[in-house]
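Test case, fold it:
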Amino acid sequence: MRKGFGHTLRIGVAPGALALAACSRFGRKAPAIVGELAIDAHGPGAIETIGAGLRQLLADAGCGHMPATVVLADELARLWQVVPPHNAARLADLEGAAALRFQALYGEPATAWKISAGWDAARPFMAGAVPRQLVAVLEQAAAGQHLKLVGIVPQFVAGFNRWQGALKPGAWYGQVQGGVLTVGAVEGGVLQAVRAAALPDGADLAWLARHMAREALRLNLAVPSRLQLAGQAPAAWNNSAGAELACTLLDAGQGAALSLAARLALTGLAS
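Next up, the predicted model:
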């Protein structure tokens, strides 16, 4: 693989496949998928399988001494909202609140997970967690090829960071990947919650409008006036007005020929 100034790697990691993309931070050269590998990282030993597969993928591609970002399938991470304690004065107070909320939601202590968040003592904030064992495996695979690992980010976060500036007033953000719709509820320009649901067969705009209304009710938020979507959303959902819910596709047609793993790796890149 060609290496040079401004060249970076994007690594998509999902339980069923890995993908490697070479990108340039300068100019208009399109990213190139330079390697993909099917894996079966489910059940016991899943993280070790991911590590072995990634080492093979990187070695086969002949890459090294480059900055790299890992984009994780959302099922490998966890996202939740944290309400800061009253009169929180230290980062440790916020970290403790995040860990307690994690345990309440997922039924296990947070000690085995690496937590990151938009720490805020004044208002509720979103937190995310990745298994520490997975982080270690990714870092070891990167170190084996002398890669500088500059980020490990869940797919939803990568997509939201890319598109949040394009969201219209009153809109929520959504992402479709592999038959799953993940929605970010936005109020006052702030991400309030993240919800995921499998898409039923034949899901149309009417189903989408009902689904969004239910999610808003569960979250005690106003029903959004618009949903702006990225990923593999059905083309028939691209209806800017005239339906129960205005819906627009942010990246319509982009990457339609790519595999799920390749699309994962490229999530968050500016076109």
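
Residue 74: neighbour count?
Residue 74 has 24 neighbours, counted by other C-beta atoms under 10 Å. Just so you know, the C-beta spots here come from the backbone N, C-alpha and C atoms, and that holds for glycine as well.

One more: residue 171?
Other residues lying near residue 171 total 17 when counted by other C-beta under 10 Å.

how much space between it and residue 102?
For residue 171, the distance to residue 102 equals 29 Å [C-beta to C-beta, to the nearest Å].

What segments of the stretch 51-200 of the chain are helices?
91-106, 132-144, 155-163 (DSSP state H, counting those that start in this stretch).

Off-centre distance for the longest one?
This points to helix 91-106. Taking C-alpha atoms, centre = their mean, to the nearest Å, one finds the center of helix 91-106 at 21 Å from the center of the full chain.

For it, give me every contacting residue.
Defining contact as C-beta atoms under 8 Å, 6 or more residues apart in numbering, one finds that helix 91-106 is touched by 78, 80-85, 88, 109-110, 113, 115, 117, 119-121, 125, 127, 129.

PyMOL command for the buried members of those?
To isolate the buried ones among those in PyMOL, judged by 16 or more other C-beta atoms under 10 Å, type:
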select buried, resi 78+80+81+82+84+88+110+113+115+117+119+121+125+127+129
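
From the contacts of helix 91-106, which land in strands?
In strands, judged by DSSP state E, the following of the contacts of helix 91-106 are found: 78, 80-82, 113, 115, 117, 125, 127, 129.

Now tabulate those in a markdown table and tack on pLDDT and distance to residue 208.
Output for the ones in strands among the contacts of helix 91-106, formatted as a markdown table (pLDDT from 0 to 100; distance: C-beta to C-beta, whole Å):
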| residue | pLDDT | distance to residue 208 |
| --- | --- | --- |
| 78 | 97 | 25 |
| 80 | 95 | 24 |
| 81 | 94 | 23 |
| 82 | 95 | 29 |
| 113 | 98 | 32 |
| 115 | 97 | 32 |
| 117 | 95 | 30 |
| 125 | 93 | 28 |
| 127 | 97 | 27 |
| 129 | 98 | 29 |
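
Show me which of those is closest to residue 264.
Of all the ones in strands among the contacts of helix 91-106, residue 78 has the smallest distance to residue 264: 17.2 Å, by C-beta to C-beta.

hang on, isn't the closest one packed against residue 131?
No: applying C-beta atoms under 8 Å as the test, residue 78 and residue 131 come out as separate, 9.3 Å apart.

so what's in contact with those two at the same time?
Contacts common to residue 78 and residue 131, judged by C-beta under 8 Å, 6+ apart, are residue 113.

Correct me if wrong: residue 179 contacts residue 199.
Yes: counting by C-beta under 8 Å, residue 179 touches residue 199, with 5.3 Å between them.

So for the two, which sits in the more crowded spot?
residue 199 (17 against 12).

Lowest-scoring secondary structure element of the protein by mean pLDDT?
When each helix and strand of the chain is scored by mean pLDDT, DSSP states H and E, strand 246-249 comes last, with a mean of 90.

middle-most residue in this protein, spatially?
Closest residue to the average C-alpha location of the chain: residue 155 at 1.7 Å, with C-alpha atoms, centre = their mean.

list the contacts for it?
So residue 155 contacts 71-74, 175, 177, 264, 267 (C-beta under 8 Å, 6+ apart).

and the residue at the greatest distance from the centre of the chain, how far is that from residue 93?
Largest separation from the mean C-alpha position in the chain: residue 87, at 31.6 Å (C-alpha atoms, centre = their mean). Noted for residue 87: a distance of 9 Å to residue 93, by C-beta to C-beta.

Residues in a beta bridge with residue 151, which ones?
Taking DSSP bridges, one obtains residue 69 as the residues bridged to residue 151.

got a pLDDT number for it?
On pLDDT, residue 151 comes in at 94.

Likewise for residue 109?
96.

Could you find the closest non-adjacent residue to it?
Nearest residue to residue 109 in three dimensions, chain neighbours excluded: residue 103, at 5.5 Å (C-beta to C-beta, 6 or more residues apart in numbering).

Same question for residue 77.
Residue 77 sits nearest to residue 154 (C-beta to C-beta, 6+ apart), 3.9 Å away.

what about residue 161, neighbour count?
Residue 161 has 12 nearby residues by other C-beta under 10 Å.

distance of it from residue 205?
27 Å.
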